[in-house]
Each structure stands twice: as structure tokens, then as C-alpha cells.
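**Student:** just a sequence and a predicted model for now, questions to come.
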Amino acid sequence: IIEWFGPVVHEYYAGTEGNGFVYCNSEDWLAHPGTVGRSLLGPVHICDEDGEELPVGEAGTIYFESAAFEYHGDPEKTKASRHPNGWSTLGDIGRLDEEGFLYLTDRQAYMIITGGVNVYPQEAENLLAVHPSVADAAVFGVPDDDFGEAVKAVVETVDGVDGTPELAAELIAYCREHLADVKCPRSIDFRDELPRHPTGKLYKRLLKDEYWEAAGRSI
């Protein structure tokens, strides 16, 4: 968009909870490709599952030090959004660079725990999305008797390409060329169309629920 219209694009990352606001302009983005900007409402902290702050460049849960909030009628959800230091999170995963610019990497709710390893599916989704046979892709965890969860991809192919076992094997091999094996799909299913809102938001939960309901359990 910047190439088309020039350096007139402004971007922000925030939530209706009002606990944080991160902003960048076109110049910032060109100097830090992929960033959503720097915080305008106080420090941002990146923490691991134990609440410990992570070094620059490592991905973890994003916490804001600014104003707290409460989810109406849901004290448990409110509690789950809090860090022991009183910081709050929207449930997103990200990292900071040396200059304090924030990069989003995934949603905490989409994390897959397979064999005790935490896997964030966004990397595999981004990779599959640029394969010439793929029109759309969703990656999430499905039940697995040995590992708890297994990484699954559901793919919509481009027009004229059939979703065959051979293509599934090709896509898995393609992922393994670029990512660690644990982050790659162990299996791929094909759909004519993935469930998306008219605005483009992927309803990954609908897909995930199908597989967990079929297994007779939930996560």
C-alpha cells in the first residue's frame, strides 16, 4: 500500500479494552518492516508462561503497563488477563526489537502444545499462504493420543488445483524445508473454502472445534 499511495499509511494496534495503544507511521514501518509500532501509553513487556520477562527479540505474551480493565461479568477472564505485576494482556503473542518496536506473531489462544513443546501456528500459515498451489490456509492443533495435540493444516487450493494426497505430502515437505519439524503440519486436509467473515477474519475456532468434537473431547 505504501508503494501504491506513498508514505501516507498509519497503523495502530490496540483493543476495545483500552489497556494499550501501539502506533507507527509509514516511515517507521519502512525502517522496521512488519512492526505495528511503539507504545504511546506506557511500557510494553514480553513475558514467558511463568511471567518472566524475555530478552529482546524473543516472542512471548504481550503485556501493557497502562490502564487496567475488567471483562463485564467475567472475573475469571479478567484474572487470566493479568500479570502478577498488575500489567494486562489482550492475549496476543509478539516480540520487541532493540528500539522498542513491537511485532505481532500470533494469538495465545491458538498455541499448540505438542509433545510438551509450544508451537505458534502463524509461521506455518504464513509459509503455506505463499505456496503457488494454496489460496488459503489455517493451522491449528488437533487431538493426538501420543503428543496431546498434533499440528494440522486445512488448505483451500487455487483454482484448477486438486487437493490430493500428493499435494498434501508436497506441502508438508515444503514446510519442513523452511521450519523446524515440530512447527510443521503432520497432516493436511483440503476444503473448497475456509470460513471467513466478509471482512477477511478467519474463523479458525470453527475449524478447530470440528476436529475436537469428532474426538469426543475439547481443549
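**Tutor:** Thanks, I have it.

**Student:** can we go C-alpha only for contacts and neighbour counts from here?
**Tutor:** Will do.

**Student:** please point out which parts of stretch 68-88 sit buried.
**Tutor:** For stretch 68-88, burial by neighbour count (16 or more other Cα atoms under 10 Å) applies to 68, 78, 81-83, 87-88.

**Student:** taking those residues one by one, which sit in strands?
**Tutor:** Taking DSSP state E, every one of the buried residues of stretch 68-88 sits outside strands.

**Student:** export those residues to a markdown table and tack on distance to residue 150 and pLDDT?
**Tutor:** As requested, these are arranged in a markdown table below (distance: Cα to Cα, whole Å; pLDDT from 0 to 100):
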| residue | distance to residue 150 | pLDDT |
| --- | --- | --- |
| 68 | 35 | 72 |
| 78 | 29 | 83 |
| 81 | 26 | 84 |
| 82 | 29 | 88 |
| 83 | 29 | 89 |
| 87 | 32 | 92 |
| 88 | 30 | 91 |
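
**Student:** how about the residues you listed in TSV, adding distance to residue 182?
**Tutor:** Output for the buried residues of stretch 68-88, formatted as TSV (distance: Cα to Cα, whole Å):
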residue	distance to residue 182
68	36
78	32
81	28
82	30
83	29
87	31
88	30
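
**Student:** show me which positions of stretch 167-184 end up buried.
**Tutor:** Neighbour counts over stretch 167-184 (16+ other Cα under 10 Å) mark 167-168, 171-173, 175-176, 183-184 as buried.

**Student:** for the longest helix belonging to the chain, name the packing helices and strands.
**Tutor:** Secondary structure of the chain per DSSP state H: the longest helix is helix 165-178. Helix 165-178 sits against helix 122-129, strand 187-190, with contacts defined as 3 or more Cα pairs under 8 Å, 6 or more residues apart in numbering; DSSP states H and E.

**Student:** buried residues in the following helix or strand past the last one?
**Tutor:** Once the chain leaves strand 187-190, the next helix or strand it forms, by DSSP states H and E, is helix 204-214. Buried positions in helix 204-214, judged by neighbour count with 16+ other Cα under 10 Å: 204, 207-208, 211.
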